[in-house]
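[1] Got a predicted model here, sequence first, then my questions.
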Amino acid sequence: MVSRADKAEAAGRDVSTVRTAVSGAEAAIASARDTTVAAQAAKTYAIEVTTEETLRAAVEAAREALRADLTTVRESVKETHTALRVAATTLAQIPRVNDLEVEAEAETEASATVN
């Protein structure tokens, strides 16, 4: 997305909203990776069983704790996905963004075909 935004900017298009959306997406990715996912990866769910009668309750409590934590991770990933989708949609709103070429790239390609 950043390289396509750079190409659009070099072609004179306004990409300020794209840059803002990409920054938001990068922040969401960093937040999800550094806080939510890393914290979840470090967790363990110990099950302490003292008697056979308490086994079911102990396992259910650990399972519910894991479920609640994974729900938090899933929500964080969904927020990141939404931020990425917003950035991609914003970039796609620039007319003919895929057809734009930067002059340096065009010159490089031209000289490569001549040689």
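    Ah, there it is. Numbers count the residues shown, from 1 in each chain.
[2] in this structure, which segments are predicted with low confidence?
    In the prediction, the chain carries residues with pLDDT under 70 at positions 98, 100-115.
[3] distance of Thr72 from Lys43?
    Per C-beta to C-beta, to the nearest Å, Thr72 is found 11 Å from Lys43. In this view, the C-beta of every residue, glycine as well, is placed from N, C-alpha and C.
[4] Specify which residue of those two has the higher count of neighbours.
    More crowded of Thr72 and Lys43, by other C-beta atoms under 10 Å: Thr72, with 13 against 9.
[5] Would you check that that one makes contact with Thr36?
    Yes: distance between Thr72 and Thr36: 6.4 Å, which falls inside the contact criterion (C-beta atoms under 8 Å).
[6] From the contact counts, what lies against the top helix by length along the chain?
    The single longest helix within the chain, with elements called by DSSP state H, is helix 52-92. Helices and strands touching helix 52-92, as assessed by 3 or more C-beta pairs under 8 Å, 6 or more residues apart in numbering; DSSP states H and E, comprise helix 2-10, helix 16-31, helix 38-42.
[7] what's near enough to touch the closest residue to Arg13 other than its chain neighbours?
    Distance criterion C-beta to C-beta, 6 or more residues apart in numbering; nearest residue to Arg13, sequence neighbours excluded, is Ile94 at 5.3 Å. When contacts are counted by C-beta atoms under 8 Å, 6 or more residues apart in numbering, Ile94 touches Ala8, Arg13, Val15, Val18.
[8] Any of the residues you listed buried? List them.
    Members of those that pass the buried threshold by neighbour count (16 or more other C-beta atoms under 10 Å) are listed as Ala8, Val15, Val18.
[9] Kindly reformat those as CSV containing distance to Ala58.
    Formatted as CSV, the entries for the buried ones among the contacts of Ile94 read as follows, by distance: C-beta to C-beta, whole Å:
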residue, distance to Ala58
Ala8, 57
Val15, 55
Val18, 51
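[10] Between the residues you listed, which sits nearest Ala57?
    When these are compared for distance to Ala57 (C-beta to C-beta), Val18 wins out at 52.5 Å.
[11] Now do the SS call for Phe14.
    If you look again at residue 14, you'll see it is Asp, not Phe. Look at Asp14: counting by DSSP: H, G, I helix; E, B strand; the rest coil, its state is coil.
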